[in-house]
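Undergrad: Okay, here's the prediction I keep looking at, along with the sequence it came from:
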Amino acid sequence: MEPGRSSGGVSPARDRPAGSSAVLPSYGAGSSQPDPRSGTGPPVAKVRRVDLSQAAFLAAAGFLGGGVNAVAGGGSLIVFPALVATGFGTLAANVTNSIALWPGSVGVVLGFRPELHGQRSRVTVLAAVAAAGSAVGCVLLLATPENTFDAVVPYLVLFASLLLAAQPRIARRLGQPSADHREGARVLYPAVLLAAVYGGYFGGALGVILLGTLALTVRDTLRRLNALKGVLQLAVATVTVLLFGLFGPVDWAAVATIAPTALLGGFVGARTARRLNDQALRWCVVVFGLVVAVLLVLRG
């Protein structure tokens, strides 16, 4: 899903919607201040005025992004382009995107509360694993060249989508996984850790990858696994928000515009996903993942 994030003057800007994004300040004509949209000069966290039409556009993008994250994952592919379309540079858009969508992850978890009943032990352990992986991904983002990882991202999303589509057939051949996550820990924990590293580094369609991983390693209904996926996404997002909120050029006016609608969209999306049967939910996620993979290939 999403282009790379960057933290201040530490690392080059990444052109991907998965990270933190920031809306850039406006500078008057002839200003000697560096323009973050040009990618030059140190990142500066300022607030620019957003007109009413832009605010409405970004608010709508936030609602859709929060809803998509609840059902499938990939909301940054909606919010990041919306920020860029309204004139923000990729560095600023990346930072603001990540922070503005964080409330949407909270909304997802709130909307899935009934499906989370009885999953406390899974949630506690796997959320800790996801947070650790996300921190590693953030460090890798700051320390490695963009092309090292970004070239394989579309194929990871494609693989996860096809994996989820084939999961019932694979399960019949291999046998159903255990309902106790601890019995499959040797496979499940490293898989979630690697997915979270991906989430901290890139984040695009992370929900598709997590759900595909959980469906193959934990026996439960897809709706309950989707709720668990929402908690893991929140753990990953919280780490990226803390790191890039501290070190990135955040535009808090854009965050204030997008965040409330992302929260509402995440809650509404979760309530909608709860009404989908496993088959419908599976194919919603698979189709969305395939579309995302194609867009990422074309974008590259």
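TA: Yes, it's here.
Undergrad: what's the longest helix in the chain?
TA: helix 222-247 (DSSP state H).
Undergrad: Counting neighbours, which bits of that helix end up buried?
TA: For helix 222-247, the neighbour count (16 or more other C-beta atoms under 10 Å) marks 222-245, 247 as buried. Heads up, the C-betas are built off the backbone N, CA and C, glycines and all.
Undergrad: Could you do stretch 114-127 as well?
TA: Those would be 115-116, 119, 122-123, 125-127, for stretch 114-127 by 16+ other C-beta under 10 Å.
Undergrad: Just the endpoints, please. Distance across that stretch?
TA: Terminal residues of stretch 114-127 lie 18 Å apart, using C-alpha to C-alpha, to the nearest Å.
Undergrad: Let's test this: mean pLDDT of it, rounded?
TA: Here stretch 114-127 scores 92 as its mean pLDDT.
Undergrad: Could you do stretch 183-198 as well?
TA: 87.
Undergrad: what's the pLDDT at Ala22?
TA: Ala22 carries a pLDDT score of 37 in this model.
Undergrad: Show me the shaky parts of the stretch 101-250 of the chain.
TA: Within the stretch 101-250 of the chain, the stretches with pLDDT under 70 are 142, 144-150, 153, 164, 167, 170-182, 184, 204, 248.
Undergrad: which of the residues in whichever helix or strand Ile99 is part of are buried?
TA: Element membership for Ile99, per DSSP states H and E: helix 90-111. Residues 90-109, 111 are the ones in helix 90-111 that count as buried (16+ other C-beta under 10 Å).
Undergrad: ok, back up a step: orientation of the longest helix of the chain relative to helix 90-111 in degrees?
TA: Orientation check (axes from the mean of the first three to the mean of the last three C-alpha atoms, to 10 degrees): helix 222-247 against helix 90-111 gives 140 degrees.
Undergrad: Helix 90-111 and the following helix or strand past helix 222-247, what's the angle between them?
TA: Sequence order places helix 252-275 as the next helix or strand after helix 222-247, per DSSP H and E. Helix 252-275 runs at 40 degrees relative to helix 90-111, counting by the same axes, to 10 degrees.
Undergrad: helices or strands up against helix 252-275?
TA: On a contact count with 3 or more C-beta pairs under 8 Å, 6 or more residues apart in numbering; DSSP states H and E, helix 252-275 meets helix 52-71, helix 76-85, helix 90-111, helix 222-247.
Undergrad: possible to save those as JSON lines with distance to Gly137?
TA: Output for the helices and strands packed on helix 252-275, formatted as JSON lines (distance: least, C-beta to C-beta, whole Å):
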{"stretch": "helix 52-71", "distance to Gly137": "18"}
{"stretch": "helix 76-85", "distance to Gly137": "14"}
{"stretch": "helix 90-111", "distance to Gly137": "12"}
{"stretch": "helix 222-247", "distance to Gly137": "8"}
